[in-house]
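*Asks:* Test case, fold it:
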Amino acid sequence: MFIHSKDWRLRTFWLIVALFAIVLLLEYSTPSDYVFGYLYIGPILLASTRLSRRTTFTVTVVACILTMLNIWLPENEAVRPATIASRLIAIVALVVTGILSDRNRLYQQTVLQQQAKLQAQEKLVSVREDFASALTHDLKTPLLGAIETLKAFQQESFGIVQPTQQTVLATMIRSHKTTLQLVETLLDIYRNDIEGLNLNRSTVELVEIAEEVATTLTDLAASRRVHISFNYGESDFRKFLWVKGDPLQLQRVFANLLTNAINHSVRGGKVEVVMEPGASHHTIKIIDSGAGVRAEELPYLFERFYQGQSDRQAKGSGLGLYLSRQIIEAHGGTIWAENRHPTGAIFAFRLPTFPYHLSQSA
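*Replies:* Purely as a prediction, here's the structure:
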C-alpha cells in the first residue's frame, strides 16, 4: 500500500513537470504579449489534490516567477505597461487558485475527519447498545429466580415464617419486581430504538385498561398511603374511550405514569385519573399531589435517562417516561407534562379515537 502511494505521488510529480515544460515552451517561444501563464493553473490543481501543501506552495511560487520572467526572457524586447499588467493579472489568478485549492484541501480533510469521528461514534453506540441489551437480558434470569425463591419463602415452603418476616419478604419481592421492570424497560427501549416499536393493534377501551392497571398498583399505593381515584368528566358514570392500539403497550404507559404519580405524591395524598372523551382524540390525565416540576425541565421529561433536578420526593431512572413517549407516538398520539396549581403535576397523553359503532363490529 505504501509503495503504491509512493509511485502514485511520483507519477503526479512527473506529470506536473511535463505540464510545466509545455507551458514554458509556449511562453518562451512566443512574444511576451501572449500570456500563457494561466495554464499553470493545471499543475497547481494537480499538486493541491495529490501532493502536499508545501509542494502546492512551491509549484505556485515557481509558476508566478516563470510568468514574470517571460517579460524579459528570452529576448530583450521593449517592456510595455500593458504587458506587465497582463502578467500581474495572470499571477493574481495563479495565487488565488493556489489559495482556494488549499482551502478546499483543508475542507476535504475536515470532512473526512468528521466522517471518521461519526463512524467511530456509531460503532461505539452500536457496541454500547449491544452490551446493554445483552446485560439486561442476562439480568432477567437471576431476578426471576430470586422473586420465585422469595415467594416460596413467603408461602412457607421452607418452614414457618413470622409476620414480621412476611413484611420483609414482601418488601424484598416488591423491590426485585421493580428492578425487573426497570431491566425489561431498558431492554425494550434499546430494542425499539434499533428495530422500531411493533404494535399488535386491536380495538381497546382505555378506561378498562386504566382500571385494570390501577388494581395491580393497589399494594404500591397502599404502601405510600396514596389514594387513586377516577374522574370520568361531566358525569360520575363510567364512559367508554375506544381506540385502536396495542393493549399490552398501553398498559405499560398507564403503569409507568401511575407508578410515577404514586411515587411522587406526598404520603396520604391523592392520584387522580381524568378520562376525557373527544370527537377526534381521547385525552387521559394523571394528576399527582407531589411537588410539581420546574418549568425549565418540562420539555425534557420524556427524554431518555433524563431525571431532572426537581424537589420531587422520588427519583426514577428516566426510562419509563421515555418508553411511554415511544409507545404513544407509535400510536399516533402525543404525550406531555404540566404543573398543576397550587401543587402537583399532570402527565397526560392523547390518542386518536376509534368510533364506538366500528368497535362493536370489529
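*Asks:* Tell me the secondary structure of I286, please.
*Replies:* strand (DSSP: H, G, I helix; E, B strand; the rest coil).
*Asks:* and it, bridged to which residues?
*Replies:* As for beta bridges, I286 partners with V273, F347 under DSSP bridges.
*Asks:* pLDDT at it, what is it?
*Replies:* Per-residue confidence (pLDDT) for I286: 95.
*Asks:* try P247
*Replies:* With respect to pLDDT, P247 scores 92.
*Asks:* tell me, how many neighbours does it end up with?
*Replies:* 18 (other C-beta atoms under 10 Å). For glycine as for every other residue, the C-beta is placed from the backbone atoms N, C-alpha and C.
*Asks:* tell me the contacts of it?
*Replies:* P247 sits next to 202, 204, 209 when contact means C-beta atoms under 8 Å, 6 or more residues apart in numbering.
*Asks:* mind running it again at 10 Å?
*Replies:* Contact analysis of P247 by C-beta atoms under 10 Å, 6 or more residues apart in numbering lists 200-206, 208-209, 212.
*Asks:* Now the buried members of the residues you listed.
*Replies:* Applying a neighbour-count criterion of 16 or more other C-beta atoms under 10 Å, the buried members of the contacts of P247 are 203-206, 209.
*Asks:* P352 contacts G245, correct?
*Replies:* Yes: P352 is in contact with G245 according to C-beta atoms under 10 Å; the separation is 9.1 Å.
*Asks:* So, low pLDDT: which residues of the stretch 51-200 of the chain?
*Replies:* Along the stretch 51-200 of the chain, the parts satisfying pLDDT under 70 run over 74-78, 125, 128-129, 131-133, 135-137, 194-195.
*Asks:* Do a quick rundown of the strands in it.
*Replies:* Remark: no strands are assigned in the stretch 51-200 of the chain by DSSP state E, counting those that start in this stretch.
*Asks:* got it, and the stretch 251-362 of the chain?
*Replies:* Under DSSP E, counting those that start in this stretch, the stretch 251-362 of the chain gives strands at 270-276, 281-287, 334-339, 345-352.
*Asks:* Of the ones you listed, give the one that comes closest to V253.
*Replies:* Taking C-beta to C-beta, strand 345-352 is the member of the strands of the stretch 251-362 of the chain nearest to V253, at 6.8 Å.
*Asks:* Restrict that closest one to CA atoms and write it as PDB.
*Replies:* C-alpha atoms of strand 345-352 as PDB (Å, rounded to 0.1, in the frame of the first residue of the first chain):
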ATOM      1  CA  ALA A 345     -48.000  17.700  38.300                       C
ATOM      2  CA  ILE A 346     -50.100  16.500  35.400                       C
ATOM      3  CA  PHE A 347     -48.800  13.800  33.000                       C
ATOM      4  CA  ALA A 348     -51.200  13.400  30.000                       C
ATOM      5  CA  PHE A 349     -51.500  11.800  26.600                       C
ATOM      6  CA  ARG A 350     -53.900  12.000  23.700                       C
ATOM      7  CA  LEU A 351     -54.800   9.200  21.300                       C
ATOM      8  CA  PRO A 352     -56.900   9.200  18.100                       C
END
